[in-house]
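*Asks:* how would this look folded up:
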Amino acid sequence: MTPTERPSRIGTPLPPFYCPLDRDLLHPRAKEIEARAVDWLDTHGLYPDPVERAWGLATHSADFSCRIIPRGRTEPLLLFTQWNYWANAVDDWQDSGAGDIRTAAVADHGIRLLRTLENPTAALLPDSPMTRALTDLVRRTHTLLTPVELRRFAEGTRDWLLGATWQAAQAERGSMPTLNDFAAMGALANGTRFSLTWSDAAAEVRLPADLLHSPALQALTDAAGFVVSADNDLFSYDKDDHLEPREVNLVNVIAHQEGCTPAEAVPLAVALRDRVMALFLRLRDHLSSGADEPLTRHLEALGHYIAGCIAWQSRAPRYASPRNRHTLPRNGARLPVRYTDTPSDPRTAPPPLPALAHWWRQTPP
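*Replies:* Down below sits the predicted model:
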């Protein structure tokens, strides 16, 4: 059987996505932002050869950025787009399954990256096109973001890198975490706060710290991150199904815990995802009551994050024609998406997972 003929372990098509939000929004300057971002990539020589360049562009990082931020200032959105192309290159290195990608290497690179973000002159990373591109990103980020936004971005980057290190450790040990452990830590690697910093920066939304870090708004942010992470685990499943031990994702974690196949685990994963999505909607409605304009726009951005990620992933050749099945990405490749306004699991009580249950305590009785 050739790679392109290998069937999906979770089956096709993907299950319907419960997403009663504004969908298919796109920033009006998306094409311009994409062209400028690609020019920046080529100027810095981020990809060593045409094949790597093709797969780097197959992430459709500009489309991702312009769908989760469909409105706002161009320059922050451009910088965010360039960060996403760069971060996807790092993510692909971490997820490559190569023998030399050990937890120690991921952790060492992560702490050096974090300190470089906080101190651009620290000279902690070896000279390379990736490092020179990072230096440019960090310099411009320090110029563009306010000190509070910069701190938020650093904390979001820390989430992403801690999550990636934890997942690398699971793979290195050859172990599959419990569902509760995965629910607590798996979504960190998705970089939710990494992204949402730029949503607020582009819209010039600056919430008071006590509101931004309030338990209810943090729970809402984490719920959005869990939904996006669960959706990504469905869209990206085929991309990583060649890895042994199997990748730590929601489907494989549930399959391991329940003693079932990945295909049988999908409805269970979707049910959990839908319960969190329903909680997100209820909590967002609660926080919207009496909200001022900045909070209203922040809450809208969280919805754009969820809906935009679904639309982006369905169109990205990174997922629709994955590298473990294709020599090169197929232009125009898409994964059909179906939507539903009804959750697959109608229960409103918290799931039996202590790592998630506290989110439900932020909603009114």
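*Asks:* can we go C-alpha only for contacts and neighbour counts from here?
*Replies:* OK.
*Asks:* what's the helix or strand bottoming out on mean pLDDT in the chain in contact with?
*Replies:* The weakest-scoring helix or strand in the chain, judged by mean pLDDT, DSSP states H and E, is helix 74-94 (a mean of 90). Residues outside helix 74-94 that contact it (CA atoms under 8 Å, 6 or more residues apart in numbering): 29, 33-34, 36-37, 40-41, 46, 56-57, 59, 61-62, 65-66, 69, 101, 106, 130, 133-134, 137, 140-141, 144, 164, 168, 195, 198, 201-202.
*Asks:* Show me what counts as buried in that helix.
*Replies:* 74, 76-90, 94 (16 or more other CA atoms under 10 Å).
*Asks:* again with stretch 27-38
*Replies:* For stretch 27-38, by 16+ other CA under 10 Å, it's 27, 29-30, 33-34, 36-38.
*Asks:* Same check on stretch 167-184?
*Replies:* Quick answer for stretch 167-184 (16+ other CA under 10 Å): 167-171, 176-177, 179, 182-184.
*Asks:* likewise stretch 60-73?
*Replies:* 60-73.
*Asks:* Over to stretch 252-263?
*Replies:* Applying 16+ other CA under 10 Å to stretch 252-263 flags 252-256, 262-263 as buried.
*Asks:* Name the nearest of these relative to P15.
*Replies:* A263 (10.9 Å; CA to CA).
*Asks:* Spell out the secondary structure type for that closest one.
*Replies:* Secondary structure, DSSP: H, G, I helix; E, B strand; the rest coil: A263 is helix.
*Asks:* Tell me which residues are up against the helix or strand F194 falls within.
*Replies:* Element membership for F194, per DSSP states H and E: helix 192-203. Outside helix 192-203, the residues that touch it by CA under 8 Å, 6+ apart are 68-69, 71-77, 80, 145, 149, 152-157, 159-160, 206, 221-222, 225, 297-298, 301-302, 305.
*Asks:* low-confidence ranges in the stretch 1-150 of the chain?
*Replies:* Scanning the stretch 1-150 of the chain with the threshold set as pLDDT under 70 gives 1-5, 93-101.
*Asks:* Swap in 90 and give it another go.
*Replies:* Along the stretch 1-150 of the chain, segments meeting pLDDT under 90 span 1-6, 89-102, 105-106.
*Asks:* From the contact counts, what lies against the very next helix or strand once past the least confident helix or strand of the chain?
*Replies:* Toward the C-terminal end, the helix or strand that comes next after helix 74-94 (DSSP H and E) is helix 103-118. Applying 3 or more CA pairs under 8 Å, 6 or more residues apart in numbering; DSSP states H and E, one finds that helix 103-118 contacts helix 147-173.
*Asks:* Show me what counts as buried in the helix it packs on.
*Replies:* For helix 147-173, the neighbour count (16+ other CA under 10 Å) marks 149-150, 152-171 as buried.
*Asks:* From the chain's centroid, how far away is it?
*Replies:* 12 Å (CA atoms, centre = their mean, to the nearest Å).
*Asks:* got the angle for that helix vs helix 103-118?
*Replies:* 170 degrees (axes from the mean of the first three to the mean of the last three CA atoms, to 10 degrees).
*Asks:* The nearest residue to T135 once chain neighbours are set aside: what's it in contact with?
*Replies:* In space, and not counting its chain neighbours, T135 is closest to P120: 6.7 Å by CA to CA, 6 or more residues apart in numbering. Neighbouring residues of P120 by CA under 8 Å, 6+ apart: 135, 138-139.
*Asks:* What of H242?
*Replies:* Residues counted as contacts of H242 (CA under 8 Å, 6+ apart) are N324.
*Asks:* go again using 7 Å as the cut-off
*Replies:* H242 makes no contacts at all, as judged by CA atoms under 7 Å, 6 or more residues apart in numbering.
*Asks:* what's the spacing between F280 and M176?
*Replies:* 27 Å (CA to CA, to the nearest Å).
*Asks:* contacting residues around the residue nearest the centre of the chain?
*Replies:* Closest to where the C-alpha atoms of the chain average out (CA atoms, centre = their mean) is N190, at 3.5 Å. Counting by CA under 7 Å, 6+ apart, N190 makes contact with 160, 229.
*Asks:* try C19
*Replies:* Neighbouring residues of C19 by CA under 7 Å, 6+ apart: 307, 339-341.
*Asks:* Which of those residues fall in strands?
*Replies:* Taking DSSP state E, the ones among these that sit in strands are 339-340.
*Asks:* Scan the contacts of C19 and report the most crowded one.
*Replies:* Highest neighbour count within the contacts of C19, by other CA atoms under 10 Å: A307, with 23 neighbours.
*Asks:* which non-adjacent residue is nearest it?
*Replies:* Leaving aside its chain neighbours, A307 sits nearest to R23 (5.7 Å; criterion: CA to CA, 6+ apart).
*Asks:* What about that neighbour, how many residues nearby?
*Replies:* R23 - counted by other CA under 10 Å - has 17 other residues nearby.
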